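Enquirer: need coordinates for the below:
(one chain, ligands or ions: 1)
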Amino acid sequence: MHPDHPQPLRAQKALPLKGSAAVPGDKSISQRALILGALAEGETRITGLLESGDVHSTAGALRGFGAELTQAAPGQWRVKGTGVGNWQNPKAALDFGNSGTGSRLVMGAMATTPITAVFTGDASLRSRPMARVVEPLLAFGVRYEGQGSKALMPLTLHGAKDAAAIQTTVAVASAQVKSALLLAALNAKGASRISQGTLTRDHTEKMLSAFGAKISVQPSGAGEEIILEGRVPLQGTAVEVPRDPSSAAFPMVAALIVPGSEISLPAILLNPRRTGLIDTLLEMGARIDITNRRISGGEEIGDLTVRHSELHGVEVPAERAPSMIDEYPILSVAAAFARGKTVMRGLEELRVKESDRLDAIARGLEQNGVAFEIENDDLIVNRTGSNGVPGGGRVSTHMDHRIAMSFLTMGLASRQPVTVDDVAMIATSFPEYRDLMAGLGAVMEAP
Ligand code: S3P
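Expert: Have a look, this model is predicted:
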């Protein structure tokens, strides 16, 4: 996975996709399971953990703080935590690879323990703003040295001794920032009150509760307020990780746009804070059936059947963005095949992802002959004519796994094949992607 050795891949027009595909465990929940396990007393047993680059980076960093993490079998991990406040000084810099979530949550988790750690990562992670996390953590008394005003990595964080609880409002619509503050509050004296004006993914809150934290959540305006009591020990527990809807999104849209397709995607996480893409595709006329809704590991899951569909454009409101923030690249691909205009509003957070995703999407659409406009932070995709998507482009992924998988999906149904410049990064979230897509009948080859 090195930018000096890119692995290009080309996807070409596919025959109908058929079959059932087991997508891997949810990345957000996998990260949190390891981190909470490392903070808890006793043993945490995890099943269904995502075995990907990002998750392994987090596991490596947590070992640096003194937690014991072992893989019993693929997806089955045991974590022996140190107890809240007992992490040790890591002996070396912590390399989080491509993982924004792992690094930012761990910054929060160590912020109220008097230890010092150096955070670094790959070229993509080193270009992402850490100020959004470390600035709010100042309220707990941390100190940091980062690069420039955005506090880029390499960043040194000095955790605070005897931190007191805080009351704050999270300024950005980011679950990572909210989660970092909650994890910091675990070792602060008293009850912290953390508000957010939007409803971002709530896996940290749910899992904290399962680990025995004293946490309550109440609605507040369009968002909510979370109250977390500090210095309450966490107890290791069993965590079952559901399958990742953000990974399921790629075979899902592939089946929608490749004529004649019908696939099933069993046991997908359907937490309402993660289903914005499914809701949007249904509005666009997608034939997605959800059956056997049930609860697994404290989260709602269900089985999806997806059939090729004649999609039409819709307007996606800005308020929906937090529930589908990672899905705009693949929604843009679906929109390219939809009749009429798809308007996606309020995409400013896309600019600080693994790449500037708004720009990467725009360049990819341009390369493949898809008409679009960007107005401020809104993206409007317009199908041109009835001849389908031209394709034929070579797309720059900018070390962004979701850009790579999205434009490969486009190539399965465009007139000409689509090439992406590097697929190595796909392993950060979805190492089985190529095999899984091949199993459904997709053809992707080195150009
Ligand atoms: C994540 C939150 C989102 C998302 C990321 C995973 C998480 O980031 O893009 O892939 O696990 O909390 P933001 O919280 O910065 O929006």
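Enquirer: so who does Ser264 touch?
Expert: By Cβ atoms under 8 Å, 6 or more residues apart in numbering, Ser264 lies in contact with 19-21, 303-306. Heads up, the C-betas are built off the backbone N, CA and C, glycines and all.
Enquirer: tell me the confidence at it?
Expert: If you check Ser264, the pLDDT there is 98.
Enquirer: cool, Val423 as well?
Expert: At Val423, pLDDT is 98.
Enquirer: right, and it touches Ser406 too?
Expert: No: using Cβ atoms under 8 Å, Val423 is not in contact with Ser406; the gap is 11.9 Å.
Enquirer: looking at those two, which one has more neighbours?
Expert: Ser406 (29 against 20; other Cβ atoms under 10 Å).
Enquirer: find the residue closest to the more buried one in space, skipping its chain neighbours.
Expert: Using Cβ to Cβ, 6 or more residues apart in numbering and skipping residues adjacent in sequence, the residue nearest Ser406 is Pro329, 3.9 Å away.
Enquirer: the one you found: what's it in contact with?
Expert: 357, 360-361, 364, 402-403, 405-406.
Enquirer: which of those fall in helices?
Expert: 357, 360-361, 364, 402-403, 405-406 (DSSP state H).
Enquirer: could you give the number of residues near Ala446?
Expert: If you count neighbours by other Cβ under 10 Å, Ala446 ends up with 9.
Enquirer: spatially nearest residue to Ala180, not counting backbone neighbours?
Expert: Nearest residue to Ala180, sequence neighbours excluded (Cβ to Cβ, 6+ apart): Gly108, at 2.9 Å.
Enquirer: Leu379 and Ala336 touch, don't they?
Expert: No: checked against Cβ under 8 Å, the pair Leu379 and Ala336 is beyond contact range at 11.4 Å.
Enquirer: mind checking pLDDT for the nearest residue to Met425 once chain neighbours are set aside?
Expert: Leaving aside its sequence neighbours, Met425 sits nearest to His401 (Cβ to Cβ, 6+ apart; 4.5 Å). Note on His401: pLDDT of 98.
Enquirer: His401: what's it in contact with?
Expert: His401 is in contact with 98, 354, 425-430, counting by Cβ under 8 Å, 6+ apart.
Enquirer: could you report the neighbour count for Thr113?
Expert: Look at Thr113: counted by other Cβ under 10 Å, it has 23 neighbours.
Enquirer: I meant Thr156, not that one.
Expert: Neighbours of Thr156 (other Cβ under 10 Å): 15.
Enquirer: direction included, what does the helix or strand hosting it pair up with?
Expert: Under the criterion of DSSP states H and E, Thr156 resides in strand 152-158. As defined by DSSP bridges, the strand partners of strand 152-158 come to strand 116-120 (antiparallel), strand 143-147 (antiparallel).
Enquirer: what about the last one, distance to the chain center?
Expert: Its chain's C-alpha centre lies 25 Å from the corresponding centre of strand 143-147 when counted by Cα atoms, centre = their mean, to the nearest Å.
Enquirer: need the contact list for the closest residue to Ala11 other than its chain neighbours.
Expert: Using Cβ to Cβ, 6+ apart and skipping residues adjacent in sequence, the residue nearest Ala11 is Gly411, 3.1 Å away. Taking Cβ under 8 Å, 6+ apart, we find Gly411 in contact with 10-13, 391, 417-419, 444.
Enquirer: follow-up on the earlier one: nearest to Arg273 among the contacts of Pro329?
Expert: Set against Arg273, the nearest of those by Cβ to Cβ is Arg402 (18.1 Å).
Enquirer: just checking, that closest one touches Leu350?
Expert: No: using Cβ under 8 Å as the test, Arg402 is too far from Leu350 to be in contact (10.2 Å).
Enquirer: more neighbours, the two?
Expert: Arg402 (28 against 22).
Enquirer: any idea how far that one is from Tyr328?
Expert: Per Cβ to Cβ, to the nearest Å, Arg402 is found 9 Å from Tyr328.
Enquirer: between these two, which contacts overlap?
Expert: Counting by Cβ under 8 Å, 6+ apart, the residues touching both Arg402 and Tyr328 are Arg357.
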